[in-house]
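J.: here is a sequence with its predicted model. Questions after.
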Amino acid sequence: MANGKFVAYYRVSTARQGRSGLGLEAQKDSVATYLNGGRWSLVGEFVEVESGKRNDRPALAEALALCRLHKATLVIAKLDRLARNVAFISNLMESNVEFTAVDFPQANRLTIHVLAAVAEHEAVMISARTKAALKAAKARGVVLGGDRGNIASVAKRGAKKSALVRSAAAQERATDLLPKIRVIQSEGAATLREIADALNTQAIPTSRGGLWSAVQVQRVLARA
């Protein structure tokens, strides 16, 4: 039984399918059947028309942005070919968005991890080759340096990296929020308080899951 917020993402292979609805209606029916029952809300639907000439997925990017705004789950009608698409996998893995596939619900984590295992295996092989190269260099008398023992320096770099990660996450959320805020402004919201009220009315949570205040809106606008 479905519960919570969802964003639907549909995929069609050609522009003709996108215009005619061929395959699209079946995907929408599958999602509607899956969500039937429980307490849920569909906050958005996106249709991707794939082309062999491009690897980006603009509709997927919009869907993931909306998921992050609402802390919603991405729901997909069919996993099959979609899961074997490198662009889809990389976007989904980096988005930190939960997702479910109607035709394979248990694929939430398992399948993505299996698919990612191939890339992980290659990374392990690269690491092994690097270690072998370093060992060979050491055998030739090359001095290999590092920060062993310099704990304070390592800790300082770690803290700096952590701050950069948090800053990047905040920047990403500000980028996701800005188009929504612009729409709210175009609809008549003139003050930060009015924008905050509109975000709260639309049930878009803050990064920590709470309600918006004028100060928080100001921070987002400054960062965006």
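T.: Good, I have the coordinates. This one's a predicted model, so the numbers in the text were calculated from it and none came from an experiment. Numbers count the residues shown, from 1 in each chain.
J.: neighbours of Lys28, just the number please.
T.: Neighbourhood size, Lys28 [other Cβ atoms under 10 Å]: 16. (C-beta placed from N, C-alpha, C; glycine too.)
J.: which residues does it contact?
T.: By Cβ atoms under 8 Å, 6 or more residues apart in numbering, Lys28 lies in contact with Ala8, Tyr10, Glu45, Ala77.
J.: residues contacting the last one?
T.: The neighbours of Ala77, taking Cβ under 8 Å, 6+ apart as the test, are Ala8, Tyr10, Ala26, Gln27, Lys28, Ser30, Val31, Ala101, Val102, Asp103.
J.: am I right that Leu74 is in a helix?
T.: No. Leu74: not assigned to a helix; according to DSSP: H, G, I helix; E, B strand; the rest coil it is strand.
J.: which residues does it form beta bridges with?
T.: Applying DSSP bridges to Leu74 gives these bridge partners: Val7, Phe99.
J.: how much space separates it from Asp56?
T.: Distance, Leu74 to Asp56, by Cβ to Cβ, to the nearest Å: 17 Å.
J.: those two: which is more packed in?
T.: Leu74 (22 against 10).
J.: let me know the next secondary structure element after the helix or strand where Val124 lies.
T.: Here Val124 sits within helix 110-139, counting by DSSP states H and E. The helix or strand immediately downstream of helix 110-139 is helix 151-186, counting by DSSP H and E.
J.: below-threshold pLDDT in the protein: ranges please.
T.: 1-2, 14-22, 51-55, 80-88, 90, 108-113, 115-123, 143-155 (pLDDT under 70).
J.: with adjacent residues omitted, what lies nearest to the residue most central in space within it?
T.: Closest residue to the average C-alpha location of the chain: Ser95 at 2.0 Å, with Cα atoms, centre = their mean. Nearest residue to Ser95, sequence neighbours excluded (Cβ to Cβ, 6 or more residues apart in numbering): Leu64, at 4.4 Å.
J.: got phi/psi on the one you found?
T.: Taking degrees, to the nearest 10, you get phi -70, psi -40 for the backbone angles of Leu64.
J.: buried subset of the contacts of Ala77?
T.: Burial by neighbour count, judged by 16 or more other Cβ atoms under 10 Å, picks out Ala8, Tyr10, Gln27, Lys28, Ser30, Val31, Ala101, Val102 from the contacts of Ala77.
J.: narrow those to those in strands?
T.: Ala8, Tyr10, Ala101 (DSSP state E).
J.: relative to Val114, how far out is the last one?
T.: Yep, that's Ala101 we're talking about. In terms of Cβ to Cβ, Ala101 sits 13 Å off from Val114.
J.: cool, the second one as well?
T.: If you measure Tyr10 against Val114 using Cβ to Cβ, the figure is 24 Å.
J.: what helix or strand is the nearest residue to Leu177 once chain neighbours are set aside on?
T.: Excluding the flanking residues, the one nearest Leu177 by Cβ to Cβ, 6+ apart is Val220, at 5.4 Å. Taking DSSP H and E as the criterion, the element that holds Val220 is helix 214-223.
J.: what angle sits between that helix and helix 151-186?
T.: 100 degrees (axes from the mean of the first three to the mean of the last three Cα atoms, to 10 degrees).
J.: isn't the residue nearest to Leu177 up against Arg182?
T.: No. Taking contacts as Cβ atoms under 8 Å, Val220 lies outside contact range of Arg182: 11.7 Å.
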